[in-house]
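quick one, structure for this:
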Amino acid sequence: MSNSVLITNDVETTSILNHRLDDRIAQIVLKQGMPRLLDLYAKHGVKATFFYTGHIAKLVPDVVRMAYKAGHEIGSHGYSHEVNQAFDILSFDQQKEHLVKSKKILEDIIGEEIISFRAPAARVNKNIVQALIETGFKIDSSISSQRLDMFMSFGALKKVNWLTAPRLPYFTDDHNIFKKGESELFEVPISAIGFPYIGTFMRIAPGLNRLTRNLLHQETKYNNRPFVFLTHPNEFIDEERDSAKIQRRGGNYISYMLGDVLRHRLKVKNLGKKAIPIFEQELIFFKENKYEFLSCKDLYKKHL
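Model prediction:
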């Protein structure tokens with residue numbers, strides 16, 4: 001069996017440079033971020049999964065259509081990326097409402113069933129399993145097993161559960177997404193080994209990211225764990241800073257300093273065109289090492 005890699009993309013209206021949600025970003029993602037990524041994927045024969053918020057899909061449906069027409073899987077990233085509407089703080093009924101709303105928007109655009117989900121900011125609580133199953137989802141990719149930087153993001157206390165989550169893809173427990181069980185929901189963990197294997201970390205510390213990838217590669221050779229890389233089209237757009245002030249989203253001072261101020265200062269490194277050659281080296285690594293590029297749906301079918 002060949003080793004596999006899943007290139008996953010979260011598509012939303014976040015302005016990384018200005019540290020806020022901004023509807024104007026939707027058009028820049030449509031005209032810059034998506035074309036740059038899709039061209040890169042076509043060049044290297046990558047089949048990827050794109051997770052869209054219902055909000056950006058509603059603003060610019062073509063941002064969904066262009067990935068679908070290029071042969072990539074379309075998944076849901078919830079309806080909203082607002083911090084106060086994260087899935088780890090929504091009630092069970094609110095979770096289902098957001099899932100149904102986002103699913104319908106995406107299915108109306110592409111005319112095909114949506115079965116894959118990733119929570120905004122990877123924020124989930126244990127009871128999301130039944131909410132996903134009851135709304136027709138079969139796959140989740142919100143867990144990042146053994147990732148250690150959760151205290152620099154929102155929802156850190158629930159993300160502590162990442163420390164004990166299985167490293168290989170698994171069917172979840174009926175009532176706990178962080179544990180293996182016999183539910184119908186298939187979990188595809190985002191790759192990490194202390195450090196996360198994601199676009200942000202790749203841009204901040206390319207050398208350390210290569211070391212992380214090489215360690216993960218050695219693990220994959222041992223147990224066939226698929227790579228799951230997470231990035232965003234808005235990491236590849238050229239923005240302008242329009243304010244020196246950093247929006248406060250954290251509920252207390254420590255959360256503000258870690259989740260807003262420090263995280264923002266790190267995340268703005270190597271944005272836009274500068275990120276493309278860094279990312280391309282990752283794709284070249286997988287090609288040279290004979291990895292198979294799969295979507296979340298492809299991997300799920302292999303485990304049925």
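
if I pick residue 11, what's in contact with it?
29, 34, 50, 51, 52, 53, 56, 63, 77, 232, 233, 234 (C-beta atoms under 8 Å, 6 or more residues apart in numbering). No exception for glycine: its C-beta is placed from N, CA and C like everyone else's.

now stretch 211-227: buried residues?
For stretch 211-227, burial by neighbour count (16 or more other C-beta atoms under 10 Å) applies to 212, 213, 216, 217, 220, 225, 226, 227.

widest-spaced pair of those?
212 and 226 (15.6 Å; C-beta to C-beta).

same question for stretch 59-71: list its buried residues.
59, 60, 61, 63, 64, 66, 67, 68, 70.

TSV for those, including secondary structure?
Compiled in TSV, these are given as follows (DSSP: H, G, I helix; E, B strand; the rest coil):
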residue	secondary structure
59	helix
60	coil
61	coil
63	helix
64	helix
66	helix
67	helix
68	helix
70	coil
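
out of these, which is nearest to residue 126?
Closest to residue 126, out of all of the buried residues of stretch 59-71 and judged by C-beta to C-beta, is residue 64, at 30.0 Å.

before we move on, back to that, which one among the contacts of residue 11 gets closest to residue 108?
residue 52 (12.4 Å).

partners of the closest one in the sheet?
Assessed by DSSP bridges, residue 52 has beta-bridge partners residue 11, residue 76.

how many other residues sit next to the closest residue in space to residue 47 that isn't next to it in sequence?
Counting by C-beta to C-beta, 6 or more residues apart in numbering, residue 47 lies nearest to residue 293, which is 4.8 Å off, once chain neighbours are set aside. For residue 293, the count of nearby residues is 19 (other C-beta atoms under 10 Å).

could you dump the contacts of residue 11 to CSV with distance to residue 275 and pLDDT?
CSV is the format used below for the contacts of residue 11 (distance: C-beta to C-beta, whole Å; pLDDT from 0 to 100):
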residue, distance to residue 275, pLDDT
29, 14, 98
34, 14, 98
50, 17, 98
51, 19, 98
52, 20, 98
53, 21, 97
56, 19, 98
63, 18, 98
77, 20, 98
232, 10, 97
233, 10, 98
234, 10, 96
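
residue 294 and residue 138, how far apart?
Remark: distance between residue 294 and residue 138 (C-beta to C-beta, to the nearest Å) = 15 Å.

quick one: which of these two has more around it?
More crowded of residue 294 and residue 138, by other C-beta under 10 Å: residue 294, with 25 against 18.

put the alpha carbons of stretch 134-147 into CSV.
C-alpha atoms of stretch 134-147 as CSV (Å, rounded to 0.1, in the frame of the first residue of the first chain):
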residue,chain,number,x,y,z
GLU,A,134,-27.7,13.4,12.4
THR,A,135,-27.0,16.1,9.8
GLY,A,136,-25.5,13.7,7.2
PHE,A,137,-21.8,14.1,7.7
LYS,A,138,-19.6,11.0,7.6
ILE,A,139,-16.1,12.5,8.0
ASP,A,140,-14.5,15.0,10.4
SER,A,141,-11.0,16.5,10.4
SER,A,142,-10.9,18.8,13.4
ILE,A,143,-8.7,16.8,15.8
SER,A,144,-4.9,17.4,15.8
SER,A,145,-3.5,14.5,17.8
GLN,A,146,-0.5,15.3,20.0
ARG,A,147,-0.4,19.0,18.9
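
which strand residues bridge residue 147?
residue 194.

actually, residue 171.
residue 186.

hmm, it is touching residue 187, no?
Yes. At 7.4 Å, residue 171 and residue 187 qualify as touching, with contact defined as C-beta atoms under 8 Å.

looking at those two, which one has more neighbours?
When residue 171 and residue 187 are compared for neighbours, residue 187 comes out ahead with 25 against 14, by other C-beta under 10 Å.

distance of the more buried one from residue 144?
Relative to residue 144, and taking C-beta to C-beta, residue 187 is found at 11 Å.

again with residue 97
26 Å.

which one of these two has more residues nearby?
residue 144 (22 against 15).

tell me the contacts of that one?
Counted by C-beta under 8 Å, 6+ apart, residue 144 has contacts 122, 159, 162, 189, 190, 191, 192, 196.

the first one - how many residues pack around it?
It stands for residue 122. For residue 122, using other C-beta under 10 Å, the count is 25.

next up, the contacts around it.
Residue 122 sits in contact with 142, 143, 144, 155, 159, 190, where contact means C-beta under 8 Å, 6+ apart.

do that again at 10 Å, thanks
10, 86-88, 141-144, 147, 150, 153, 155, 158-159, 162, 190, 196, 198, 230 (C-beta atoms under 10 Å, 6 or more residues apart in numbering).

same question for the fifth one.
Residue 190 sits next to 6, 8, 118, 122, 141-145, 147, 162, 196-198, 227-230 when contact means C-beta under 10 Å, 6+ apart.

noted, bye for now.
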